[in-house]
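> give me a model of this one.
(one chain, ligands or ions: 2)
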Amino acid sequence: MKVVTAELAATAVKPEQYPKDGLPEIALAGRSNVGKSSLINRLLQRKSLARTSGEPGKTRTLNFYRVNGELYFVDLPGYGFARVSEETRRQWGAMIERYLTGRPVLKAALHLVDLRHPPASDDVMMREWLRHVGIDSCVVATKADKVPKGRRAAHAKIIREKLGLGEDDPFLIVSAEDGLGRDELWGWIGRKLREK
Ligand code: GTP
Ligand code: MG
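Ligands and ions are numbered 1, 2, ... in the order given. Predicted coordinates for the structure are as follows:
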């Protein structure tokens, strides 16, 4: 995918603030710090368009990145971040859920998990919830550069088992650091955009 233009077109905390031009959207969901914003930068080949941070809880609004005037990537706040108040977590959860359940132009979600670790219980919940509400998702295991090549398949197997992925359920291993998996992921996204 050749990215010609990419810009942050909207930040939103409520539906009135979502873009209104009707372009298809691909959302990125995952725990805080898993690498959602970094993966957007890698997909777009823009160093720091999406703000990233070593501190969890960086992305606090729904951020809509318009690409080539053709689609949006929607960067969601992370879940599972312990160091914010119960009330803030509840608000983020409601904001994410309202977007994911009430957005006709949402074509699919990328569900990010960390390749280094077995999925946490909230990852399992997110997977089941996405399935339950019928959102097409690709599980994307991030930070592959931090796992030695020879151990990646074993880590992947644990993730697939824990999330209950079948043979045909989409699953990709990526690295925002070195670009591993970028082309395959664009391939999956392109198919989803053409599907419906
Ligand atoms: P929140 O906005 O807090 O939900 O986090 P996020 O999921 O957007 O994570 P972000 O992209 O900000 O990345 C978190 C940290 O992980 C940053 O320090 C990134 O540099 C690092 N990181 C992200 N992806 C990768 C990767 O593929 N490899 C390596 N080595 N580090 C990564
Ligand atoms: Mg982020």
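
> just give the closest residue to residue 174, not the sequence neighbours.
With C-beta to C-beta, 6 or more residues apart in numbering as the criterion, residue 174 has its nearest non-adjacent residue at 3.4 Å, and that residue is residue 181. For every residue, glycine as well, the C-beta is placed using N, CA and C.

> low pLDDT regions in the protein?
196 (pLDDT under 70).

> what's the longest helix in it?
The single longest helix within the chain, with elements called by DSSP state H, is helix 86-101.

> hmm, that helix touching ligand 1?
No: residues of helix 86-101 are not located near ligand 1 by C-beta under 6 Å from any ligand atom, the shortest gap being 9.4 Å.

> let's have the chain start at 820 instead
In the new count, where the first residue is 820, that last one comes out as helix 905-920.

> need the contact partners of that helix.
Outside of helix 905-920, the residues that reach it under the criterion C-beta atoms under 8 Å, 6 or more residues apart in numbering are 832-834, 837, 846, 848, 879, 881, 893, 895-896, 898, 900, 903, 925, 928, 949, 952, 954.

> among those, which ones are in helices?
Assigned to helices by DSSP H, the following of the contacts of helix 905-920 qualify: 949, 952.

> buried subset of the contacts of helix 905-920, written for PyMOL?
In PyMOL syntax, the buried subset of the contacts of helix 905-920 is picked out as below (16 or more other C-beta atoms under 10 Å):
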select buried, resi 832+837+846+848+881+893+895+896+898+900+903+925+928+949+954
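
> same for ligand 2: which of the contacts of helix 905-920 are within range?
Among these, no residue is within reach of ligand 2 (C-beta under 5 Å from the ion).

> can you narrow the contacts of helix 905-920 down to the ones near ligand 1?
When C-beta under 6 Å from any ligand atom is taken as the criterion, the members of the contacts of helix 905-920 that contact ligand 1 are residue 896.

> start to end distance for stretch 879-888?
24 Å (C-alpha to C-alpha, to the nearest Å).

> also stretch 859-877?
Across its full length, stretch 859-877 reaches 14 Å between end residues, using C-alpha to C-alpha.

> just the buried residues of that stretch, please?
Neighbour-count burial for stretch 859-877, counted by 16+ other C-beta under 10 Å, picks out 859, 860, 861, 862, 863, 868, 869, 871, 875, 876, 877.

> of those, which belong to helices?
With helices defined by DSSP H, the entries of those inside them are 859, 860, 861, 862, 863.

> in CSV: these, plus distance to residue 996.
Output for these, formatted as CSV (distance: C-beta to C-beta, whole Å):
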residue, distance to residue 996
859, 14
860, 11
861, 8
862, 13
863, 15
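
> just checking, residue 855 touches residue 892?
No: with contact defined as C-beta atoms under 8 Å, residue 855 does not reach residue 892; the gap is 9.4 Å.

> thanks a lot, see you next time.
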